[in-house]
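Peer 1: A predicted structure for the sequence below; I have some questions about it.
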Amino acid sequence: MIQIRKSNDRGHADHGWLNTYFTFSFADYYDPKHVHFRTLRVLNDDRIAPGQGFPTHPHRDMEIVTYVLEGALEHRDSMGTGSLIRPGDVQYMSAGSGVTHSEFNASDKEPVHLLQIWMFPEAQGLKPVYGQKTFSIEEKSGKLRLVASPDGRDGSVKIRQHNELYATVLSKGQSVRHELKPERHAYVQVARGSVTLNGTTLDAGDGAAISNEKAIDLTGVADAEVLLFDLA
């Protein structure tokens, strides 16, 4: 079963400095039919204006992954971490027992476009952890590159949930396949471009919740970048 979530059906808020779309209920947006999917709790499509960002704020008991598509995001947190997150980077912060952080657009000229991802953790009250790795276009081109996993295999970021996150970059006609094990589910999010998912066309901003399918076939319609979550 594949349930399509079209881009324009998502929640939306435009704060001037932040233009964001919500796949799942978040902040003032609430949709009882779209609170979360399995352990995937938040999938926000954020655009941050130059020189703007999220001031210091707290989190706890959440696995947070940031995937930057354009621009550079400046990160600071109470663990003493400071970093820039650029396209190709996967940033991971396990909020655990509690952490504060800020995220700002590092440029005074260019916007930042990112996907903000939250997953429920495997356990509560864990020690906060930070991680960040870079994955080149070549690693993702025409293939599914594992970028986050519970065991950190193949150089992926190690997360504390039994989920796997793959990224792929597809040109027109390129295809990838992901087979789902029994009792596993998936969520596909098109970050940009267009693809077909098992024969159905998805455009930038579209997503799909997938259950009871043996495999996921993605084919580029126009140059595309896609995230695929394999979920418990």
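Peer 2: Arrived safely.
Peer 1: sheet partners, orientation included, of the lengthiest strand in the chain?
Peer 2: Identified as the longest strand of the chain according to DSSP state E is strand 215-231. Strand 215-231 has the following strand partners under DSSP bridges: strand 164-170 (antiparallel), strand 175-179 (antiparallel), strand 185-197 (antiparallel).
Peer 1: for V42, give its distance to T23.
Peer 2: Between V42 and T23 the computed distance is 8 Å (CB to CB, to the nearest Å). C-betas here are computed from N, CA, C, even on glycine.
Peer 1: which one's more surrounded, those two?
Peer 2: T23 (27 against 19; other CB atoms under 10 Å).
Peer 1: can you give me the pLDDT of the more buried one?
Peer 2: Looking at T23, its pLDDT reads 98.
Peer 1: what is the end-to-end distance of stretch 17-37?
Peer 2: 28 Å (CA to CA, to the nearest Å).
Peer 1: then stretch 118-127?
Peer 2: Stretch 118-127 end-to-end distance (CA to CA) = 17 Å.
Peer 1: which positions within that stretch qualify as buried?
Peer 2: Residues W118, M119, F120, P121, E122, L126 are the ones in stretch 118-127 that count as buried (16 or more other CB atoms under 10 Å).
Peer 1: what about the fifth one, which helix or strand?
Peer 2: Using DSSP states H and E, no element contains E122; it sits outside every helix and strand.
Peer 1: does it touch Q161 like I think?
Peer 2: Yes. Counting by CB atoms under 8 Å, Q161 is a contact partner of E122 at 5.2 Å.
Peer 1: SS state for V68?
Peer 2: Following DSSP: H, G, I helix; E, B strand; the rest coil, V68 is assigned to strand.
Peer 1: distance of L40 from I117?
Peer 2: Distance from L40 to I117, by CB to CB: 7 Å.
Peer 1: how about R192?
Peer 2: 16 Å.
Peer 1: more neighbours: the two, which one.
Peer 2: Here R192 and I117 are compared on neighbour count by other CB under 10 Å; more neighbours surround I117, at 25 against 16.
Peer 1: where's the residue nearest to that one when sequence neighbours are not counted, which helix or strand?
Peer 2: Computed as CB to CB, 6 or more residues apart in numbering, the closest residue to I117 that is not its neighbour in sequence is V65, at 4.2 Å. Using DSSP H and E, V65 falls within strand 63-70.
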